[in-house]
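[1] No sequence on hand, only this structure:
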């Protein structure tokens, strides 16, 4: 069955970029979720409708395959579509292209539905998945896990969860976890390396006012540079991630 | 003389809003500076041209007169124009209107030109101010200062300057100072009050890797609620601000 694709153009602004004049990964997450929100609006399933039904979407995992991050003032097209769903999970892809139609970034994501009353994940009901025209496949995908952190070579940094980290969904904005993981790498590493792949897995939500701990280990050989990350609150793992990098030319 | 006005429309996205579903002040600053950047681009004075000339714009002060913050998904029009300039300062206004043309926010700002080689403020040269068609007036404006903090009733919070706080201009993004001042007020205050006026004065730049101290005192009477703020690095005052609020209805 053909999937229902939705796309929209976005122009990259200076406040979405870092000192290298390219879009940051946290802002990419904001932009792709903006576009999937636009698709939901178009299909009559905006947050208000979802709230009335007693549900909200949660994101469990992202994988990013990055050829190039768009630069400041560049106009990109973000395409999104739900590919497959099963009893509990919905898989959604995002493709970011430049103005010539060349693919810059491909994102694969896993969503689930949260039942606000029962405070747990819900079975995906027909009326919520049908409009997206995704294919039902009872098989649960085995997505690759982020590379495990090397606890012997770890560097740690604390971050306070701030007022503006909470967005309209009343939860810590998804992009903030990426901000905390990446910031811990520091300016020297980040301005000398370009990300080619990212795997981000969300485990437990972080709450306002909490002090989170962001830890990282760097594994660098002649062939590859991989960084592995954990976001923890006390002893709880909130988020795991690993990134692959190349040296900036 | 008529001033050269420039305007552009922006649609408010969820990632620009806080839990109250309205645009945050830090994101408002990003959007208005995006629009003044667009005017500069149109006049052939984009950052690259300015860099080649050896200059960059710095912002010394903002005053915000706020009737209402736009809400999530609302489309606003931001108009900007340089009103006046003198030997050292350039005054620029921004007017934010809703789709019916009703004024929501009026911003008055003071800009200056920074000479990158001499590391100090420059006299405004003709070729840089003429295209904006502002009026020369040798009188330096006496803009109101932010209300002084009450050191006896102060609450303080430290913040680390993070990698993503630095934007394409290689400086801490203007909006981050507002993030630090406001975050110190905490979730309870911010979700129960709406800002009606803001006065923000930038004194000394903050640098990456520094620990800044954000302090606030709250002055609440029957008539008014005013918060006064300072951002300091060690003993240096980086930014002073004061905000007027009303209770959220």
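    Structure's in. What do you need? Please read these numbers as outputs of a predicted model, since none were measured by experiment. Residues are numbered from 1 along each chain as shown, chains lettered A, B, ... in the order given.
[2] domain assignment for chain A?
    A:7-136, A:151-247 (automatic domain parsing).
[3] what's the neighbour count on residue A:188?
    Counted by other Cβ atoms under 10 Å in any protein chain shown, the residues lying close to residue A:188 total 9. In this view, the C-beta of every residue, glycine as well, is placed from N, C-alpha and C.
[4] How far off centre is the strand or helix carrying it?
    In the assignment (DSSP states H and E), residue A:188 maps to helix A:186-192. Between the centre of helix A:186-192 and the centre of its chain there are 21 Å (Cα atoms, centre = their mean, to the nearest Å).
[5] cool, and stretch A:71-85?
    13 Å.
[6] now stretch A:90-106
    14 Å.
[7] Would you mind pulling the contact partners of it?
    Contacts with stretch A:90-106, where a contact means Cβ atoms under 8 Å, 6 or more residues apart in numbering or on different chains, come from A:28, A:32, A:35-36, A:64-70, A:74-85, A:107-113, A:124, A:129, A:132, A:134, A:141.
[8] What residues sit buried inside it?
    A:90-98, A:104-105 (16 or more other Cβ atoms under 10 Å in any protein chain shown).
[9] Arrange those in TSV, one row each, with pLDDT and secondary structure as further columns.
    TSV is the format used below for the buried residues of stretch A:90-106 (pLDDT from 0 to 100; DSSP: H, G, I helix; E, B strand; the rest coil):
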residue	pLDDT	secondary structure
A:90	95	strand
A:91	96	strand
A:92	97	strand
A:93	97	strand
A:94	98	strand
A:95	98	strand
A:96	98	strand
A:97	98	strand
A:98	98	coil
A:104	98	strand
A:105	98	strand
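[10] of those, closest to chain B?
    residue A:94 (15.3 Å; Cβ to the nearest Cβ).
[11] What sits closest to residue A:34 if chain neighbours are left out?
    residue B:13 (5.0 Å; Cβ to Cβ, 6 or more residues apart in numbering or on different chains).
[12] Am I right that the one you found is in contact with residue B:74?
    No: with contacts counted by Cβ atoms under 8 Å, residue B:13 stays clear of residue B:74, the gap being 10.3 Å.
[13] In which helix or strand does residue A:244 reside?
    Per DSSP H and E, the secondary structure element for residue A:244 is strand A:236-247.
[14] and stretch A:51-67 with chain B, contact?
    No: Stretch A:51-67 stays clear of chain B (Cβ under 8 Å from any Cβ of the partner chain), getting no nearer than 12.0 Å.
[15] which of the residues in that stretch are buried?
    A:53, A:55-64, A:66.
[16] ok so, going back, so what sits against both of residue B:13 and residue B:74?
    Joint contacts of residue B:13 and residue B:74 (Cβ under 8 Å, 6+ apart) do not exist.
[17] Please spell out which residue in chain A sits farthest from the middle.
    residue A:222 (28.5 Å; Cα atoms, centre = their mean).
[18] pretty sure residue A:208 is touching residue A:161, no?
    Yes: applying Cβ under 8 Å, one finds residue A:208 in contact with residue A:161, separated by 5.1 Å.
[19] list residues touching both of those two?
    residue A:172.
[20] Can you show me the strands along chain A?
    A:6-11, A:55-66, A:75-85, A:89-97, A:103-115, A:120-122, A:135-136, A:155-160, A:193-202, A:211-220, A:225-233, A:236-247 (DSSP state E).
[21] contacting residues for residue A:10?
    Residue A:10 touches A:31, A:34-35, A:75-78, counting by Cβ under 8 Å, 6+ apart.
[22] can you check residue A:82 too?
    Contacts of residue A:82 (Cβ under 8 Å, 6+ apart): A:3-4, A:90-92, A:129, A:132-134.
[23] switch to 6 Å and redo it
    Contact analysis of residue A:82 by Cβ atoms under 6 Å, 6 or more residues apart in numbering or on different chains lists A:90, A:92, A:132, A:134.
[24] what's the closest of these to residue B:170?
    residue A:92 (35.8 Å; Cβ to Cβ).
[25] The closest one and residue A:146: what is the separation?
    According to Cβ to Cβ, to the nearest Å, residue A:92 and residue A:146 sit 19 Å apart.
[26] for chain B, what are the nearby residues on chain A?
    A:13-15, A:17, A:19, A:21, A:24, A:30, A:34, A:72, A:162-164, A:166-168, A:170, A:179, A:183, A:187, A:190, A:208 (Cβ under 6 Å from any Cβ of the partner chain).
[27] Give me the subset of those residues that lies in helices.
    Taking DSSP state H as the definition of helices, the residues of chain A next to chain B contribute A:30, A:34, A:179, A:183, A:187, A:190.
[28] mind listing what the last one touches?
    Remark: with contacts taken as Cβ under 6 Å, 6+ apart, residue A:190 is in contact with residue B:163.
[29] same thing but at 10 Å, please
    The neighbours of residue A:190, taking Cβ atoms under 10 Å, 6 or more residues apart in numbering or on different chains as the test, are A:18-20, A:24, A:182-184, A:245, A:248, B:163-164.
[30] Next, count neighbours for the closest residue to residue A:236 other than its chain neighbours.
    Leaving aside its sequence neighbours, residue A:236 sits nearest to residue A:204 (Cβ to Cβ, 6+ apart; 5.3 Å). Residue A:204: 12 surrounding residues under other Cβ under 10 Å.
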